[in-house]
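[1] coordinates for the following, if possible.
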Amino acid sequence: MFDLNTMVFAAVCGLAASLFLAFVTWLVSLVRRDVSIVDSMWSVLILTAGLVYAAVLPDAGPRLAWVLALAALWAARLAGYITWRNWGDGEDHRYQAIRARNQPHFEYKSLYLVFGLQGVLAWIVSLSLLAALAGSQAMGWLDACGIAVCVFGVVFEAVGDGQLARFRARPENRGRVMDSGLWRYTRHPNYFGEFCVWWGFYLIAAAAGGWWSIVSPLLMSVLLLKVSGVTLLEKDIAERRPAYRDYVARTNAFFPGARRDAA
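    Here you go, the predicted structure:
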C-alpha cells in the first residue's frame with residue numbers, strides 16, 4: 001500500500017476526472033435537453049476514475065490487469081445496454097419529474113443536482129478500485145473469491161437485462177409483467193447483479209489491504225436498495241401496472257429466492 005499522500009493525490013485526481021466527465025456530459029445534455037443521458041455515463045464515470053488511479057499510482061500492484069479488465073467489462077456492458085435501451089425514447093420519466101420540481105432554470109441546476117452529484121457518487125464507488133490497485137500483497141484466495149463474485153454479478157445482470165429486452169420486444173407482452181427466467185426469483189436481477197459486482201470488487205480490495213474502502217459497496221447497496229434502484233422504480237409502478245402487485249406478492253424484491261404462493 002502506498003503512503004497516505006500518494007493515495008490522497010490519486011483519489012483527488014480520480015475525483016477531478018469523474019467531475020470533468022460529468023461536466024462534459026452536462027454540456028451534451030443542454031444540447032439534447034435530456035439529463036437522463038447521465039445513466040449511460042454512470043459506469044463510465046467510475047471506470048474513468050479507475051483508469052486515472054492506475055495511471056497516477058507510481059507502481060500499481062499485482063491486481064492491475066484483473067481490476068481494470070473487470071471494470072472495463074462491467075462498464076462497457078452496462079453503458080452499452082443502457083444507451084441501446086434508451087435510444088430514441090427521450091428523457092426518462094424519473095428525470096422529467098426532477099425537471100418539473102426544479103423549475104425554473106433546471107438546465108443549469110442539473111449541473112449540481114444531477115451531474116455533479118453523480119460524479120461524486122461515482123468517485124466514492126470507485127474507491128474500491130483505488131484500494132485494489134494500491135495493494136502490493138500477493139494475490140490469494142480472497143482475490144479469487146472477489147473475481148468470482150464480480151464475474152457472477154456481471155453475468156447475472158447481463159442475463160437479466162437480456163431476458164427483459166427479449167420479453168419487451170414481443171408485441172404480445174405489452175402491458176404484461178416479466179416473471180420468468182431470473183425475474184421469477186428476484187424482481188430486480190439487474191440490481192442484484194450490480195450488488196454482486198461491487199461486493200466482488202471490495203473483496204479484491206480487502207485482499208489488497210484496502211478494508212477501508214467498504215464505503216464503496218455500502219454506498220452502492222444503499223443506492224440500489226433505497227435511492228435510485230428498487231425503491232424509486234417501484235414507487236408508482238403498481239399504479240401504472242396493476243398486475244405488478246401480484247408479482248410483488250410472489251417474488252423477492254432483491255435477493256433471489258423461491259417464488260411464493262399468492263395469499
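[2] the host helix or strand of Y202 - contacts with which helices or strands?
    Secondary structure from DSSP states H and E places Y202 in helix 189-207. Helix 189-207 sits against helix 64-86, helix 127-134, helix 141-169, helix 215-222, with contacts defined as 3 or more CB pairs under 8 Å, 6 or more residues apart in numbering; DSSP states H and E. (Each C-beta comes from the backbone N, C-alpha and C, glycine too.)
[3] and M178, what does it touch?
    Residues near M178 by CB atoms under 8 Å, 6 or more residues apart in numbering: 163-164, 167-168.
[4] mind checking pLDDT for it?
    Note for M178: predicted pLDDT of 88.
[5] in this protein, what helix or strand scores lowest on average pLDDT?
    Ranking every helix and strand in the chain by mean pLDDT, DSSP states H and E puts helix 237-240 at the bottom, with a mean of 64.
[6] picking up where we left off before, ok, of the contacts of M178, which come out buried?
    Among the contacts of M178, the ones that count as buried by 16 or more other CB atoms under 10 Å are 163-164, 167.
[7] JSON lines for the residues you listed, including pLDDT?
    Formatted as JSON lines, the buried ones among the contacts of M178 follow (pLDDT from 0 to 100):
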{"residue": "Q163", "pLDDT": "96"}
{"residue": "L164", "pLDDT": "94"}
{"residue": "F167", "pLDDT": "94"}
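[8] so how far is V24 from W87?
    20 Å (CB to CB, to the nearest Å).
[9] more neighbours: which of those two?
    Neighbour comparison, W87 and V24: the larger count goes to V24, with 12 against 8 (by other CB atoms under 10 Å).
[10] ramachandran angles for the more buried one?
    Reported as degrees, to the nearest 10, the phi and psi values for V24 are phi -60, psi -40.
[11] what distance do you get for it to V230?
    For V24, the distance to V230 - CB to CB - is 30 Å.
[12] also R166?
    Counting by CB to CB - R166 and V230 are separated by 22 Å.
[13] what's the answer for C196, then?
    Remark: distance between C196 and V230 (CB to CB) = 15 Å.
[14] pLDDT weak spots in the stretch 101-250 of the chain?
    236, 238-242 (pLDDT under 70).
[15] the nearest residue to R259 once chain neighbours are set aside: neighbouring residues, count only.
    Leaving aside its sequence neighbours, R259 sits nearest to R250 (CB to CB, 6 or more residues apart in numbering; 5.3 Å). R250: 15 surrounding residues under other CB under 10 Å.
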